[in-house]
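[1] Show me how the following folds:
(chains A and B)
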Protein chains: 2
Amino acid sequence: MAGHTNGKLQDLKDILAEVSDLSHAALLLEWDQETYMPPGGVQSRSEQLSTLLRLSHVRFTSGEVGGLLDSLEGKVDGDFDSDDASLVRVTRRDYEEARKLSPDLIAEVARAGSTARPVWEKARHDENYTLFAPYLEKNVELNRRIADALGYKERPYDALLNRTEPGMKTSELEAIFAELKEAIVPLVADIGRHADAVDDRVLRREFDTDLQVSYALEVVKRLGYDLERGRQDISTHPFSSGFGPDDVRITTRVSREFFNECLFGSIHESGHAMYEQGMGRDIARTPLYGGASPGVHESQSRLWENLVGRGRAFWRYFYPSLQAVFHESLHNVDEETFYRAVNRSYPSLIRVEADEVTYNMHVLLRFELENEMLEGKLKVMDLPEAWNARVKSYLGVDVPNDRQGALQDIHWSFVSFGIFPGYTIGNLIGAQLMEKVRADIPDLDSQIERGEFGALLGWLRKNVHRHGRKFTPNELMERATGKPLTAMPWIAYVRKKFGALYGLQTAAHN
Amino acid sequence: MAGHTNGKLQDLKDILAEVSDLSHAALLLEWDQETYMPPGGVQSRSEQLSTLLRLSHVRFTSGEVGGLLDSLEGKVDGDFDSDDASLVRVTRRDYEEARKLSPDLIAEVARAGSTARPVWEKARHDENYTLFAPYLEKNVELNRRIADALGYKERPYDALLNRTEPGMKTSELEAIFAELKEAIVPLVADIGRHADAVDDRVLRREFDTDLQVSYALEVVKRLGYDLERGRQDISTHPFSSGFGPDDVRITTRVSREFFNECLFGSIHESGHAMYEQGMGRDIARTPLYGGASPGVHESQSRLWENLVGRGRAFWRYFYPSLQAVFHESLHNVDEETFYRAVNRSYPSLIRVEADEVTYNMHVLLRFELENEMLEGKLKVMDLPEAWNARVKSYLGVDVPNDRQGALQDIHWSFVSFGIFPGYTIGNLIGAQLMEKVRADIPDLDSQIERGEFGALLGWLRKNVHRHGRKFTPNELMERATGKPLTAMPWIAYVRKKFGALYGLQTAAHN
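    As a prediction, this is how the structure comes out:
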């Protein structure tokens, strides 16, 4: 690499570091807003955030960055996978996307979101879809304009999906969802016929909230979440925030009458956080630091929450200490009963409360409906009817009102089509990675039964975490598992696990 | 005001709002660093802070700001005291100061500070002044270069003092300190002869730390610190941070074996915080938001901590509840004994532990020594000797080692001459304001005895808080009390209070 090129690369890195510092400062302001900010701070916080994000955007989309990218492309040393080549490649992708969206469109999108948000809240509260419909209409139109601005070959949804899950196509996702539907709809029905096999009432006993929070923290420390570079706080909705690999925080919430919220919330967020703690320091302060996509990020949280945290081996290790901490509520509950309870599957109306089996069906119907609205095949006014029909068809349940139906998610109150698929992609990636982990670490379950998570975390660090945003989801899966994203490992996993839990003739579905 | 001028004024305000958002974001990053940041975050935090502060400085010192100021000076509507005229005047002062310091000098000052800091820590720990001397030498030189860059007519210290206490001259301060010395040195000696009159051992009994923290919070709420726009956390050193009038936070620290730290720390910081909560929303996001000077800021913290919090009327109201909360330690201590305990005065070696009477003597000797070093009259190598001689002369005590002597304060490890006087200016302003408050609110003590602080806070809001940085300390004192800064009210206050406490013939000193 010529000295000249080295100088340009350093110039680019200097600007990107500044952009990264501004964005991470903004992220800390948001973290603070959700955890400790006094109520009065709302107005000035929103001004501060808007200034930081604007400065970061202006700096990143400046002609200077474009010029440096022009003179660096094809000139830096190293192959496709190298840090420098990846930096130029990923920065170019981000840059083109950011430049294609005009400041006017971005401002309109932001305004539409903040206008629609309170209307959505009222509509949901009043179970009055008609109130919200015109705002959703506007948001659908803005999603379409974003798709047009970004450009696409086949389907408008491709443009939106490419923003969140780079390189993923709508048609590929449709094929994957078709496989899922074929496997899961009958499985859900089958589980429904054996519903009595699992009872989760034990999770509704009383659990001291302070003890829950401290127990959850001990668990995630054991999994490998590094508290020298992280911390756990309380917030209304759990989230994780990374300000660089050396400061990645989680929050959790806690309910005295429902065990799952705190522990599984903490494990889920620590999965996100361990991902960011595992990113190389050499990619910090560059666009390569961060999750490869929301889907890949979700794969890490789901892997730890479900494939590990709802596994038999996990409870073999943790249940004795849990039982000791919550003696009064759990002294007469054995490990097997508790393991079954945290894995109860039943078709429900609300996505965020759905279990492992039914969750992807909630995502599927949103993915289908977003596409149909975007392509004009479904009128916004007809959404509730279409929603309810699909819930009935995929999960077999009736939707009593729009609050528990088409109005349940906050996502459509802002301009955000293309986000939902990441939740399912995350589930699938998690299972696909785990299949490879089990091949590479044959005694994984014995390790987990002994409370040893180091080999698993080490595998994820090496094959996923350290790369940050270097690769698209499929590039990452090719490198980590030898093949692109596929639904089969996840389908096999739920069939086996829930077949055993509910005593099903799962062979019939294979 | 012509439309043209209006437009320029708005342009200026837009830039200043951006600068303010950047600085307040940086301040939140610092708050987080002292309260919740995990240890691993140090490096990336320092990078983020340096980016935010650099961008804020670059934006503020841009030619654009200078051009707008040029075209606005003398053109905006309103008299000297108006918001707009004050905005232009104060921004010009800040701008000129910031422009006079070259980026190279600023960088050298920052580097010198971070280099000297660990050496100072080691020198203090090892009681080895020789180790630190070359670094102090360098810092003295840099203070001199700053003074030269800023410019001065009479004394180099004038330039430094003008940065912290605008409009204050070294010679004025020397006259004030001379008055203080004449009054206080004999008072300290007199108190020493009656030391037995006050016993503070009760403060060293055991006080539950959680109860101390929650009691302190109840007290500051009662004083008027608004928790809708603030909060209290724990940190190693107590501080307050304002991110705008609607989010001003305090921290405190707590010791199980020493009562004063937590309660008086919280009251002190809430005094700072109520000042910033009381600033007008119309000056938020401008250079007018903030303390008029460190001295004026300190006047608010000291006024609440000492003139209110260590007053007889305060304890008349609070002592019964305090006694109930800490029943075991205080049930056999009466209000008078407790009041006397929190007011014990005795000459000590450490400034931050000094009582009301002796505190200003600690400041005086630092003010003198800074001046002498700056003017080359005192060699850095001779500092400890000069220090020890002055402690003996002003307070009558011998300094056993430099750890408790010339190495005790962190200030000289960075380039900061001109900061110390603010502590004394704060004490004096507090007393001068209080003299006027008592004239305007004759039944102040009865109000305080009933736990009513609203009239006092209202007076401070109206006469001090709402103005923010509009006025220099002397301009502010003229408006609030009818005269510039004077030492007499403070001298009269301590003579009366401590004369009574120690049973002195105070008339002899009048």
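[2] So is stretch A:23-31 next to chain B?
    Yes. Shown here: stretch A:23-31 in contact with chain B (C-beta under 8 Å from any C-beta of the partner chain) through A:24, A:25, A:26, A:28, A:29. In this view, the C-beta of every residue, glycine as well, is placed from N, C-alpha and C.
[3] of these, buried ones?
    Buried by 16 or more other C-beta atoms under 10 Å in any protein chain shown: A:24, A:25, A:26, A:28, A:29, out of the residues of stretch A:23-31 next to chain B.
[4] Give me the nearest residue to the first one, chain neighbours excluded.
    Closest residue to residue A:24 in three dimensions, ignoring its sequence neighbours and counting by C-beta to C-beta, 6 or more residues apart in numbering or on different chains: residue A:243, at 4.4 Å.
[5] do residue A:396 as well
    Using C-beta to C-beta, 6+ apart, the closest residue to residue A:396 is residue A:347 (5.7 Å).
[6] Now do the contacts for the one you found.
    A:188, A:192, A:358, A:395, A:396, A:397 (C-beta atoms under 8 Å, 6 or more residues apart in numbering or on different chains).
[7] now, which of those sits nearest residue B:234?
    residue A:358 (44.3 Å; C-beta to C-beta).
[8] hang on, isn't the closest one packed against residue A:351?
    No. In this structure residue A:358 lies outside contact range of residue A:351 using C-beta atoms under 8 Å: 9.2 Å.
[9] Give me the more crowded residue out of the two.
    Comparing residue A:358 with residue A:351 by other C-beta atoms under 10 Å in any protein chain shown, the one with more neighbours is residue A:358, at 23 against 18.
[10] Quick one: residues contacting the more buried one.
    Contacts of residue A:358 (C-beta under 8 Å, 6+ apart): A:184, A:188, A:345, A:346, A:347, A:348, A:395.
[11] again with residue A:306
    A:356, A:427, A:430.
[12] Give me the distance between it and chain B.
    When distance is defined by C-beta to the nearest C-beta, to the nearest Å, residue A:306 is 27 Å away from chain B.
[13] Now do the same contact list for the residue nearest to residue A:24.
    Residue A:243 neighbours (C-beta under 8 Å, 6+ apart): A:24, A:27, A:28, B:41, B:44, B:45, B:48.
[14] And the residue of the stretch 51-200 of chain A that's closest to chain B?
    residue A:51 (3.8 Å; C-beta to the nearest C-beta).
[15] contacting residues around that residue?
    Contacts of residue A:51 (C-beta under 8 Å, 6+ apart): B:17, B:18, B:21, B:22, B:25.
[16] again with residue A:447
    Residue A:447 touches A:441, A:453, A:455, A:456, counting by C-beta under 8 Å, 6+ apart.
[17] What count of nearby residues applies to residue A:438?
    Residue A:438 has 15 nearby residues by other C-beta under 10 Å.
[18] what's it in contact with, if anything?
    Residue A:438 neighbours (C-beta under 8 Å, 6+ apart): residue A:444.
[19] helices or strands up against the helix or strand of chain A with the lowest mean pLDDT?
    Here the helix or strand of chain A ranked lowest by mean pLDDT, DSSP states H and E is helix A:103-126, holding a mean of 91. Packing partners of helix A:103-126 (3 or more C-beta pairs under 8 Å, 6 or more residues apart in numbering or on different chains; DSSP states H and E): helix A:129-150.
[20] Tell me what angle the helix it packs on forms with helix A:103-126.
    160 degrees (axes from the mean of the first three to the mean of the last three C-alpha atoms, to 10 degrees).
[21] other SSEs contacting helix A:129-150?
    Partner elements for helix A:129-150 (3+ C-beta pairs under 8 Å, 6+ apart): helix A:83-100, helix A:103-126, helix A:156-164, helix A:356-374, helix A:383-395.
[22] Which of those helices sits closest to residue B:64?
    Nearest of the helices and strands packed on helix A:129-150 (C-beta to C-beta): helix A:103-126, 20.1 Å.
[23] Centre of the chain to that closest one, how far?
    22 Å (C-alpha atoms, centre = their mean, to the nearest Å).
[24] Could you tell me the angle between that helix and helix A:83-100?
    Going by the same axes, to 10 degrees, helix A:103-126 makes 80 degrees with helix A:83-100.
[25] can you give me the strands in chain A?
    Using DSSP state E, the strands of chain A run over A:232-234, A:240-242, A:248-252.
[26] From residue A:224, how far out is residue A:455?
    10 Å (C-beta to C-beta, to the nearest Å).
[27] I should have written residue A:397 there, sorry.
    Using C-beta to C-beta, one gets 38 Å for the distance from residue A:397 to residue A:224.
[28] cool, residue A:85 as well?
    Taken as C-beta to C-beta, the span from residue A:85 to residue A:224 is 30 Å.
[29] show me what contacts the spatially most central residue of chain A?
    The residue lying closest to the centre of chain A (C-alpha atoms, centre = their mean) is residue A:298, at 3.3 Å. Contact analysis of residue A:298 by C-beta under 8 Å, 6+ apart lists A:422, A:423, A:425, A:426, A:427, A:429, A:430.
[30] got the residues you listed as JSON lines, with neighbour count columns?
    Converted to JSON lines, those look like this (neighbours: other C-beta atoms under 10 Å in any protein chain shown):
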{"residue": "A:422", "neighbour count": "24"}
{"residue": "A:423", "neighbour count": "21"}
{"residue": "A:425", "neighbour count": "27"}
{"residue": "A:426", "neighbour count": "25"}
{"residue": "A:427", "neighbour count": "26"}
{"residue": "A:429", "neighbour count": "31"}
{"residue": "A:430", "neighbour count": "27"}
